[in-house]
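>>> Sequence first, then the predicted structure:
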Amino acid sequence: SLWDGSRNISNRFLDGASAIEGYHRHKFPGPDRTFAQRVDAVVALGGPRFAAAVGDPVRWRNWVRDGRNSIAHRDPSMVDLEREWRTTIGVTASMQWLLILVLLSDLNIPDAVVEEGLRQNRPLEQVEGYLRSVKPEWF
């Protein structure tokens, strides 16, 4: 299952967005960048496997950015994470897998080992299938 339901959906989403931003700040210290630039850089590190799982990485990133800003800046014109809970579930799961992929790469886990794990458990296929059902325009 993509969702364990043990925490508020908005909190889980914000945790994921904050983790991506924190990872980037740690890996690439230096001049400040916008949140969107940080997410784009981490998505690039996730590679083609991740991009394929979310369809259009730019639309995905925009949704993550708008969802984060809706909470962080209390902007009601942005994404309503609770109302769009189905998308929030899929995006939150995808953020988790993005971080897993980049951390495995940082640990120098061979691509063949990562591929085998993904083939056996199919987590990215589950994320992709779910996101295709709730955001078909991203694919």
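Sure, I can see it.
>>> where do the helices sit along the chain?
9-27, 35-54, 57-72, 85-106, 111-121, 123-134 (DSSP state H).
>>> Can you lay out those helices as CSV showing distance to M78 and mean pLDDT?
In short, each C-beta sits where N, CA and C put it, glycine included. As requested, these are exported to CSV (distance: least, C-beta to C-beta, whole Å; pLDDT from 0 to 100):
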stretch, distance to M78, mean pLDDT
helix 9-27, 12, 94
helix 35-54, 12, 96
helix 57-72, 4, 93
helix 85-106, 13, 96
helix 111-121, 32, 94
helix 123-134, 18, 96
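>>> of the ones you listed, which approaches V79 most closely?
helix 57-72 (4.3 Å; C-beta to C-beta).
>>> before we move on, the earlier item: let's have the helices of the chain in a markdown table, adding mean neighbour count.
Output for those, formatted as a markdown table (neighbours: other C-beta atoms under 10 Å):
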| stretch | mean neighbour count |
| --- | --- |
| helix 9-27 | 17 |
| helix 35-54 | 18 |
| helix 57-72 | 19 |
| helix 85-106 | 20 |
| helix 111-121 | 11 |
| helix 123-134 | 17 |
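>>> export the ones you listed to TSV and tack on distance to V79?
What follows is these, written out as TSV (distance: least, C-beta to C-beta, whole Å):
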stretch	distance to V79
helix 9-27	9
helix 35-54	14
helix 57-72	4
helix 85-106	8
helix 111-121	28
helix 123-134	13
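>>> wait, what's in contact with I71?
Shown in contact with I71 (C-beta atoms under 8 Å, 6 or more residues apart in numbering): 10, 13-14, 81.
>>> Would you mind listing the two of those that lie farthest apart?
Of all pairs in these, the most separated under C-beta to C-beta is L14 and L81 at 8.5 Å.
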